[in-house]
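Chemist: Quick check, what structure comes out for this input:
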Amino acid sequence: MSLIDLDRLGHAFTRPPLVIGGVAMQWHGLRPAGADIDLVASAADVEALLHRFPDRAKNLWGDLGVCPFEFEIWKTICSYGYDELSIGAAAAGDVVVAGLETMMMLKAFAAAQPKGRSDLELIVRRILDDRYASSYDALTAANERILAGVPEVSWLEMTGPDV
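Modeler: Have a look, this model is predicted:
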């Protein structure tokens, strides 16, 4: 079963569309999705969809998209295309979901708006929490080996779960 239902579009995608925006935020467990579904697709898929929905075209600063129904399907976002944005994506049925690092970059572009800034903060917190949780013990052990050879360390600042 796919994360979203693409059947309404009546189009067989050449590559799985990349889910970005609110649906990706929800998939990552960060916040509920809104009503629209933001996707990035291959240039060929966007072109085919523009032929199918010629009255639903958008061009935002050179980013070409087509917006039928609740979908916004883009060839590029801030000039980044499918190949660049799908690095680190996870399969979810008929689509792939943008990785957190890609989502962080896209939300940084939107940070001038309160919603973009709020989403960016959620993503950054998740990335940092995940990295700290997975690497803290190893970092601490490596640091202790280094510090063992340094006499009389005087801390300017020290934070973390053990402090």
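Chemist: Now the residue positioned nearest the centre of the chain: which helix or strand?
Modeler: Among the residues of the chain, the smallest C-alpha distance to the mean C-alpha position (CA atoms, centre = their mean) belongs to residue 103, namely 2.3 Å. Applying DSSP states H and E as the criterion places residue 103 in helix 100-109.
Chemist: Need the contact partners of that helix.
Modeler: Identification of contacts with helix 100-109 by CB atoms under 8 Å, 6 or more residues apart in numbering yields 20, 24-25, 28, 77-78, 80, 85-89, 98, 116-117, 119-120, 123-124, 126-127, 130. Heads up, the C-betas are built off the backbone N, CA and C, glycines and all.
Chemist: hmm, 6 Å instead?
Modeler: Contacts with helix 100-109, where a contact means CB atoms under 6 Å, 6 or more residues apart in numbering, come from 24, 78, 85, 116, 119, 120, 123, 127.
Chemist: who does the longest helix belonging to the chain touch, helix- and strand-wise?
Modeler: Within the chain, and with DSSP state H defining each element, the longest helix by residue count is helix 114-148. In terms of contacts (3 or more CB pairs under 6 Å, 6 or more residues apart in numbering; DSSP states H and E), helix 114-148 is packed against helix 100-109.
Chemist: Quick check: mean pLDDT of the helix it packs on?
Modeler: Model confidence over helix 100-109, given as mean pLDDT, is 96.
Chemist: Could you tell me which residues within that helix count as buried?
Modeler: Across helix 100-109, burial judged by 16 or more other CB atoms under 10 Å covers 100, 102, 103, 104, 105, 106, 107, 108.
Chemist: Would you mind getting the angle between it and helix 114-148?
Modeler: Relative orientation of helix 100-109 with respect to helix 114-148: 130 degrees, computed using axes from the mean of the first three to the mean of the last three CA atoms, to 10 degrees.
Chemist: circling back: which two of the contacts of helix 100-109 have the greatest separation?
Modeler: The most widely separated members of the contacts of helix 100-109 are 78 and 127, with 19.7 Å between them, by CB to CB.
Chemist: That's all I had, so thanks and see you.
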